[in-house]
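In: sequence and computational prediction follow.
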Amino acid sequence: MPQLPDHLELKRTRVSCKFDAPNDTESIVYGGAFASLGIDNSSLDSFFDDFKVVINRLTEDDIEFDMIGINPALANAFRRILIAEVPTMAIEKVFIANNTSVLADEVLAHRLGLIPIKVDPRLFSYKSDKDEPTEENTIVFGLHARCERGSSRRSVKSEELKWQPDGSKFALELDDKGSSSTSAPKTYTNFKSSQKNRPGLSENPIQLKYPDITISRIGPGHEIELEAHAVKGQGRDHAKFSPVATAWYQMLPEVVLLQDIYDETAEKLVNKCPANVFDIEDTPAGRKATVSRPRACTVCRECIREEGWDNKVAVRRKKDHFIFTIESTGALPPEVLFTEAVKILEDKCVRVLSEL
């Protein structure tokens, strides 16, 4: 395939970071923009040849990987889907039987809603306002904490919030006063079977991700008794349903030495960079500056701010190479969150194609 001239290839694939402002920030969306020069990357084959994902770091809570060969709009689509559209389970309703702590009921309910729940949301269905809470759409937690008189103040931790697989234990007040008192009292949920028997939950019981989150501080004589009902939701409805603490990306930094830099000038360059991108190596011609850690570049442009240094050093970013980082709140592993985001984007594309 023919190649573009160097100056056009640089404009097409790089963002040039000058000391005053970045240049060539626009991306060529149309695949046939350079068709007159014999370059046509509008086919899917060219995308398949260029696209790849390289995992750099993977832990229980976060993942860092490189996405190569995609448009910035796609990278941003993944970020927005991860924040707002991948569902999780979070506490939505709190039934408070007793609260004599210093926290108001509304503040207590808000704090409970932000506690991450370690459970696969794919095992549950969405619950509308008209649906009854069942074992298919609701998770019930119970909390009963008290501080005896004469004892010192203590913290109520999230580990005291216990999963109730059989549903609510709070009796529902019925309008029908003539109902039989011998029948079992109706509760706030309509569980027909225990959630412990459901596939996926019998092997991995529902629990809170962090057991040491402080819910409240209670003093002598204070008591908190409540039930918290968690449902399935999305981050666009409320931030408590967002599965990520953050999801962000940056274009791959590229630092190029336009000429050889030796001795005192090399030492000055190393000292100018706060991110330790440059290093010095011994060569037969002298102590020479090298770019040893280009990924550490924060594009602060300290290395090119002084007059004349932009002729020695070029700071760029690759337009189609993104360093993507996902930090999970704990509901799902970070690698699963990304695959779920891919599925959601795929469903969106299918719906668009079906409407055309």
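Out: Arrived safely. As the structure is a prediction and not an experimental result, all values here were calculated from the model.

In: endpoints of stretch 275-293, how far apart?
Out: End-to-end distance for stretch 275-293, by Cα to Cα, to the nearest Å: 9 Å.

In: flag every buried residue along it.
Out: Within stretch 275-293, the residues that count as buried by 16 or more other Cβ atoms under 10 Å are 275, 277, 278, 280, 288, 289. No exception for glycine: its C-beta is placed from N, CA and C like everyone else's.

In: for stretch 73-89, same thing?
Out: For stretch 73-89, by 16+ other Cβ under 10 Å, it's 75, 77-79, 81-89.

In: pLDDT averaged over it - what is it?
Out: Mean pLDDT, stretch 73-89: 95.

In: could you dump the buried residues of stretch 275-293 into TSV with secondary structure and pLDDT added?
Out: Formatted as TSV, the buried residues of stretch 275-293 follow (DSSP: H, G, I helix; E, B strand; the rest coil; pLDDT from 0 to 100):
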residue	secondary structure	pLDDT
275	coil	92
277	coil	94
278	strand	95
280	strand	94
288	strand	94
289	strand	94
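
In: can you list the residue ranges for strands in the stretch 251-356 of the chain?
Out: Shown for the stretch 251-356 of the chain, the strands assigned by DSSP state E, counting those that start in this stretch span residues 278-283, 286-291, 313-328.

In: got these as CSV, with distance to residue 107 columns?
Out: Listed next are the strands of the stretch 251-356 of the chain as CSV, based on distance: least, Cβ to Cβ, whole Å:
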stretch, distance to residue 107
strand 278-283, 51
strand 286-291, 52
strand 313-328, 26
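
In: which one, of the ones you listed, ends up nearest to residue 231?
Out: Nearest to residue 231, of all these, is strand 313-328, at 19.8 Å by Cβ to Cβ.

In: okay, and the beta partners of the nearest residue to residue 14 once chain neighbours are set aside?
Out: Taking Cβ to Cβ, 6 or more residues apart in numbering, and ignoring the residues beside it in sequence, residue 14 has residue 316 as its nearest neighbour in space, at 4.5 Å. Beta-bridge partners of residue 316, counted by DSSP bridges, are residue 16, residue 254.

In: wait, residue 316 sits on residue 15?
Out: Yes: contact criterion Cβ atoms under 8 Å: residue 316 and residue 15 qualify, at 6.2 Å.

In: those two: who's more crowded?
Out: Between residue 316 and residue 15, counted using other Cβ atoms under 10 Å, the more crowded position is residue 316 (23 against 20).

In: ok, that one - contacts?
Out: Residue 316 makes contacts with 14, 15, 16, 17, 253, 254, 255, 256, as judged by Cβ atoms under 8 Å, 6 or more residues apart in numbering.

In: quick one, strands of the stretch 1-150 of the chain?
Out: 14-17, 22-23, 52-58, 62-68, 88-99, 117-118, 139-146.

In: so for residue 335, which of those strands sits nearest?
Out: strand 62-68 (5.6 Å).

In: now the closest one: average pLDDT?
Out: 96.

In: give the other helices and strands that it contacts.
Out: strand 52-58, strand 313-328, helix 334-355 (3 or more Cβ pairs under 8 Å, 6 or more residues apart in numbering; DSSP states H and E).

In: nearest residue to the middle of this structure?
Out: residue 244 (2.8 Å; Cα atoms, centre = their mean).

In: which of the buried residues of stretch 73-89 lies closest to residue 301?
Out: Of the buried residues of stretch 73-89, the one sitting nearest to residue 301 (Cβ to Cβ) turns out to be residue 75, at 22.8 Å.

In: just confirm that closest one contacts residue 324, I think it does.
Out: Yes: using Cβ under 8 Å, residue 75 makes contact with residue 324 at a distance of 6.9 Å.

In: any common contacting residues for the two?
Out: 67, 249.

In: dump the buried residues of stretch 73-89 to JSON lines, plus distance to residue 297.
Out: Below are those laid out as JSON lines (distance: Cβ to Cβ, whole Å):
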{"residue": "75", "distance to residue 297": "19"}
{"residue": "77", "distance to residue 297": "26"}
{"residue": "78", "distance to residue 297": "23"}
{"residue": "79", "distance to residue 297": "21"}
{"residue": "81", "distance to residue 297": "28"}
{"residue": "82", "distance to residue 297": "25"}
{"residue": "83", "distance to residue 297": "26"}
{"residue": "84", "distance to residue 297": "30"}
{"residue": "85", "distance to residue 297": "32"}
{"residue": "86", "distance to residue 297": "31"}
{"residue": "87", "distance to residue 297": "36"}
{"residue": "88", "distance to residue 297": "35"}
{"residue": "89", "distance to residue 297": "40"}
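
In: out of the strands of the stretch 251-356 of the chain, which gets nearest to residue 224?
Out: Of the strands of the stretch 251-356 of the chain, nearest to residue 224 by Cβ to Cβ is strand 313-328, at 29.0 Å.

In: quick one: buried residues of that closest one?
Out: 313-317, 319-328.

In: try stretch 215-226
Out: Buried-residue list, stretch 215-226, by 16+ other Cβ under 10 Å: 215, 216, 218, 222, 224, 225, 226.

In: returning to that earlier point: out of the strands of the stretch 1-150 of the chain, which gets nearest to residue 131?
Out: strand 88-99 (12.3 Å).
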